[in-house]
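*Asks:* with the sequence up front, the predicted model follows.
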Amino acid sequence: MLKILGITTIRSDYDLMSLLYQAMNQHDEIDLKLIVAGAHLSETYGKSINEIESDRLDILIKIETLIDSNSKASRIKTASLLLQNSIDIIEQYSPDLIVYAGDREDIIIGAMIGAYLEIPTAHFFGGDHVQDGHVDNLIRNAVSKLSSIHFVSNNIHKLRLEAMGENPERIFNLGSIGLDKFINHELLDKSELLNSFGIDRDIEQYALVIFHPGVDEKDISHIIIKNILIVLKSLGIFTFVSTPNTDPGNRNILSVFSELNNDPNYYFYKNLSRDSFLSVYKNSSILIGNSSSGILEAATIPIPVVNVGSRQKGRAQSGNVIFCGVEVEQIKGAIRKAVSKSFISRISNIKNIYGDGKSVQRVLRKIMNLELSDMQRKTKDPLDFINV
């Protein structure tokens with residue numbers, strides 16, 4: 001049996017990895033276990049561990065690590081708790097491979113532990129780049145340098161890792177596994193879906209807002225989200241609104257949600273089941289905010305996206321994303337353009353550069369065919385991979 005350990009700490013990374021975890025869990029030659037920590041265990045952020053448990057995945061340990069604070073220090077304190085409380089259990093389990101996704105502070109813990117305990121590691125979604133200067137860029141690159149192998153979503157990401165001195169033979173461009181759920185998921189009936197939320201009126205079109213604090217805008221994040229919601233109401237667009245992530249500035253956003261919670265134009269939620277969330281997502285007329293999902297996934301459907309502010313700027317996208325400033329008139333202009341017949345027609349046949357929704361099985365086959373014991377140590381000189 002191949003012993004694989006996944007590390008997941010927030011709804012977003014689990015959502016990207018869930019189908020791969022399920023495929024691993026069903027494989028006769030894989031023993032998959034998860035370390036579940038961070039926001040998954042927080043009531044504030046919807047206690048998304050319930051979703052993991054409903055998927056019947058084997059949880060090795062639950063670790064309460066989230067410092068539920070609005071400070072700059074809270075994220076690194078959270079990561080330190082994961083480090084302190086997971087080393088021994090990982091060493092005792094002694095997996096053949098540790099897997100993790102993305103660019104949040106928690107995954108560097110998995111990469112560090114793998115490196116020091118001499119356990120091969122696989123990093124998903126490396127090689128990306130955002131121009132906002134956010135620490136996530138640095139974490140993503142640091143994790144890539146610590147990791148044994150890389151599963152990337154497109155050739156741009158592969159080239160970027162090669163430019164960082166990573167061995168091309170360890171970089172596998174198999175598309176984004178996060179897209180597979182869009183292909184495999186069957187939509188819930190729209191009217192039944194709305195009724196399940198207690199929305200009994202007929203809503204032909206609605207927006208989905210997913211907005212997180214940005215590094216340059218965390219002090220005005222509450223103003224930006226309020227501008228977004230005010231514009232949507234002024235345009236007569238009903239809106240589903242997601243809880244933000246745990247980055248500094250989220251408390252200010254949550255205070256706006258509390259202020260507007262009783263307004264019938266909005267439906268605020270902490271966490272939805274996968275079926276409900278994907279049905280809300282795929283039935284939406286427009287996605288607004290600054291979530292990476294607008295860059296990575298919305299083009300598969302396709303849905304027009306308005307990305308507000310500096311977060312996500314510079315990332316490769318498929319042509320369905322409109323970037324705009326944070327002022328009311330800038331947001332309003334971008335939304336009007338995004339829902340216009342000409343823009344919707346323009347994006348109707350776009351191809352998602354991040355994959356075709358058939359990546360999970362490719363990744364699974366690759367993992368099963370690798371000699372993982374040969375992959376842990378990275379002995380090659382980065383100069384060997386460039387022309388000098």
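*Replies:* It's in. Numbering: from 1, shown residues only.
*Asks:* all the strands of the stretch 251-388 of the chain, in order from the start?
*Replies:* Ranges of strands in the stretch 251-388 of the chain, per DSSP state E, counting those that start in this stretch, are 266-269, 286-289, 305-308, 321-324.
*Asks:* helices or strands up against the third one?
*Replies:* Put plainly, it is strand 305-308. Packed against strand 305-308 by the contact rule (3 or more Cβ pairs under 8 Å, 6 or more residues apart in numbering; DSSP states H and E) you find strand 286-289, helix 292-296, strand 321-324, helix 328-338. Glycine gets a C-beta too; all of them are placed from N, C-alpha and C.
*Asks:* who does it pair up with?
*Replies:* Paired with strand 305-308 in the same sheet, following DSSP bridges, are strand 286-289 (parallel), strand 321-324 (parallel).
*Asks:* what number of residues lie near the closest residue to residue 206 other than its chain neighbours?
*Replies:* Among residues not flanking residue 206 along the chain, residue 238 sits closest, at 4.3 Å (Cβ to Cβ, 6 or more residues apart in numbering). By other Cβ atoms under 10 Å, the residues close to residue 238 number 19.
*Asks:* distance of residue 238 from residue 264?
*Replies:* Distance from residue 238 to residue 264, counting by Cβ to Cβ, to the nearest Å: 9 Å.
*Asks:* now the longest helix seen in the chain: buried residues?
*Replies:* Counting residues, the longest helix in the chain under DSSP state H turns out to be helix 73-93. Buried residues in helix 73-93, counting neighbours by 16 or more other Cβ atoms under 10 Å, are found at 74-75, 78-79, 81-83, 85-86, 90, 93.
*Asks:* and if you look at stretch 128-144?
*Replies:* The neighbour-count check on stretch 128-144 (16+ other Cβ under 10 Å) flags 128, 130, 132, 134, 136-137, 139-141, 143-144 as buried.
*Asks:* stretch 234-252 now?
*Replies:* Those would be 237-252, for stretch 234-252 by 16+ other Cβ under 10 Å.
*Asks:* what about that stretch, how long is it end to end?
*Replies:* End-to-end distance for stretch 234-252, by Cα to Cα, to the nearest Å: 22 Å.
*Asks:* off-centre distance for it?
*Replies:* 16 Å (Cα atoms, centre = their mean, to the nearest Å).
*Asks:* cool, and stretch 277-285?
*Replies:* Mean C-alpha position of stretch 277-285 versus that of the full chain (Cα atoms, centre = their mean) differs by 16 Å.
*Asks:* tell me the domain ranges of this structure?
*Replies:* What automatic domain parsing lists as the domains of the chain is 2-176+357-385, 183-347.
*Asks:* dump those domains to JSON lines, plus mean pLDDT.
*Replies:* Listed next are the domains of the chain as JSON lines, based on pLDDT from 0 to 100:
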{"stretch": "domain 2-176+357-385", "mean pLDDT": "95"}
{"stretch": "domain 183-347", "mean pLDDT": "92"}
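*Asks:* and the buried residues of helix 73-93, which is closest to residue 3?
*Replies:* residue 93 (7.1 Å; Cβ to Cβ).
*Asks:* before we move on, back to that, can you redo the strands of the stretch 251-388 of the chain as JSON lines with distance to residue 192 and mean neighbour count?
*Replies:* What follows is the strands of the stretch 251-388 of the chain, written out as JSON lines (distance: least, Cβ to Cβ, whole Å; neighbours: other Cβ atoms under 10 Å):
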{"stretch": "strand 266-269", "distance to residue 192": "15", "mean neighbour count": "18"}
{"stretch": "strand 286-289", "distance to residue 192": "22", "mean neighbour count": "26"}
{"stretch": "strand 305-308", "distance to residue 192": "26", "mean neighbour count": "27"}
{"stretch": "strand 321-324", "distance to residue 192": "30", "mean neighbour count": "19"}
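*Asks:* redo those as JSON lines? Include distance to residue 227.
*Replies:* Listed next are the strands of the stretch 251-388 of the chain as JSON lines, based on distance: least, Cβ to Cβ, whole Å:
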{"stretch": "strand 266-269", "distance to residue 227": "14"}
{"stretch": "strand 286-289", "distance to residue 227": "11"}
{"stretch": "strand 305-308", "distance to residue 227": "8"}
{"stretch": "strand 321-324", "distance to residue 227": "11"}
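*Asks:* so which of the ones you listed gets nearest residue 209?
*Replies:* Set against residue 209 and scored by Cβ to Cβ, those come closest in strand 286-289, at 5.1 Å.
*Asks:* how much space separates residue 91 from residue 117?
*Replies:* 6 Å.
*Asks:* check contacts around residue 143.
*Replies:* By Cβ atoms under 8 Å, 6 or more residues apart in numbering, residue 143 lies in contact with 100, 103, 107-108, 111, 123, 126.
*Asks:* which of these ranks first by neighbour count?
*Replies:* Among these, residue 107 has the most neighbours (other Cβ under 10 Å), with 30 neighbours.
*Asks:* and the host helix or strand of it, what other elements does it pack with?
*Replies:* Per DSSP states H and E: residue 107 is located in helix 105-117. When contacts are defined as 3+ Cβ pairs under 8 Å, 6+ apart, helix 105-117 sits against strand 2-8, helix 73-93, strand 97-101, strand 121-124, helix 135-146.
*Asks:* make CSV from the buried residues of stretch 128-144 and add distance to residue 180 to it.
*Replies:* Output for the buried residues of stretch 128-144, formatted as CSV (distance: Cβ to Cβ, whole Å):
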residue, distance to residue 180
128, 19
130, 24
132, 28
134, 27
136, 24
137, 26
139, 25
140, 22
141, 26
143, 22
144, 23
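*Asks:* what are the buried residues along stretch 333-353?
*Replies:* For stretch 333-353, the neighbour count (16+ other Cβ under 10 Å) marks 333-335, 338-339, 343-344, 347, 352-353 as buried.
*Asks:* which one of these is nearest to residue 43?
*Replies:* For the buried residues of stretch 333-353, the nearest to residue 43 is residue 335 (32.5 Å; Cβ to Cβ).
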